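S.K.: With the sequence up front, the predicted model follows.
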Amino acid sequence: MNSVRHVQSPFMGAQGNRAGRPGQGLLHTLVALAVGAVFIYAGALKVWDPVTFGNDINNFRILPYPLSMRLAFYLPWLEILCGLAVLTGRLRAGAIAILMGLMVIFVGATIAAEVRGLDLNCGCFGRATENLRFATHMVIDAAILAALLLLARWEYLRLR
């Protein structure tokens, strides 16, 4: 007997048997809620004071000042939109990919700043995190990145 798997067009309206698949339970909802809320909150704090955020970006001494200022006006809105996408499920896979990319870039920039001996405020959550040590920042970043990886895995299984 031939065991070829039937593939149905997504336009046919059938959802297939997705019962029992990971990523559809309470844990998935809680992780998506936490990740979405974190990025909406972080973005909203930066929207209110983009010049300070631009200076925080510039303090990493990686980008030229004009580019740091441009990013300060763009990145918070990207974080907010991606956070909303993670919360609502609409375009969630793309939002997770963008947020993972932003986190990897940020962690790399933070490690580079630490290696160069720069004592700086990351600008992530406004002034709420300015007195945290490097190790504490890395633990927080690792937790956010782990949550994003978990969501990405669930999205992969859901879309498969």
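M.R.: Good, I have the coordinates. Numbering: from 1, shown residues only.
S.K.: and the residue nearest in space to the middle of the chain, what element?
M.R.: Central residue of the chain (C-alpha atoms, centre = their mean): Leu99, 2.8 Å from the mean position. Taking DSSP states H and E as the definition, one finds Leu99 inside helix 92-115.
S.K.: how far does the helix or strand following that helix sit from the chain's center?
M.R.: Counting by DSSP H and E, the element after helix 92-115 in chain order, helix or strand, is helix 134-159. Distance, stretch centre to chain centre, for helix 134-159: 8 Å (C-alpha atoms, centre = their mean, to the nearest Å).
S.K.: Mind giving me the packing neighbours of helix 134-159?
M.R.: Helices and strands touching helix 134-159, by 3 or more C-beta pairs under 8 Å, 6 or more residues apart in numbering; DSSP states H and E, are helix 26-48, helix 92-115. Where C-beta positions appear, they are placed from N, C-alpha and C, glycine not excepted.
S.K.: Let me know the pLDDT of Tyr65.
M.R.: At Tyr65, the model reports a pLDDT of 95.
S.K.: That one against Asn58, yeah?
M.R.: Yes - assessed by C-beta atoms under 8 Å, Tyr65 is found in contact with Asn58 at 5.4 Å.
S.K.: Using CSV, write out every CA atom in the helix holding Leu99.
M.R.: Backbone C-alpha positions of helix 92-115 (Å, rounded to 0.1, in the frame of the first residue of the first chain) are rendered in CSV as follows:
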residue,chain,number,x,y,z
ARG,A,92,3.6,35.6,14.3
ALA,A,93,6.3,33.6,12.6
GLY,A,94,7.8,36.6,10.8
ALA,A,95,7.6,38.7,14.0
ILE,A,96,9.4,36.0,16.0
ALA,A,97,12.1,35.8,13.3
ILE,A,98,12.6,39.6,13.4
LEU,A,99,12.7,39.7,17.2
MET,A,100,15.2,36.8,17.4
GLY,A,101,17.4,38.7,14.9
LEU,A,102,17.1,41.9,17.0
MET,A,103,18.0,40.0,20.2
VAL,A,104,21.0,38.3,18.6
ILE,A,105,22.3,41.7,17.4
PHE,A,106,21.7,43.3,20.8
VAL,A,107,23.4,40.5,22.7
GLY,A,108,26.4,40.6,20.4
ALA,A,109,26.6,44.4,20.7
THR,A,110,26.3,44.1,24.5
ILE,A,111,29.1,41.5,24.7
ALA,A,112,31.3,43.7,22.4
ALA,A,113,30.7,46.7,24.6
GLU,A,114,31.6,44.7,27.7
VAL,A,115,34.8,43.3,26.1
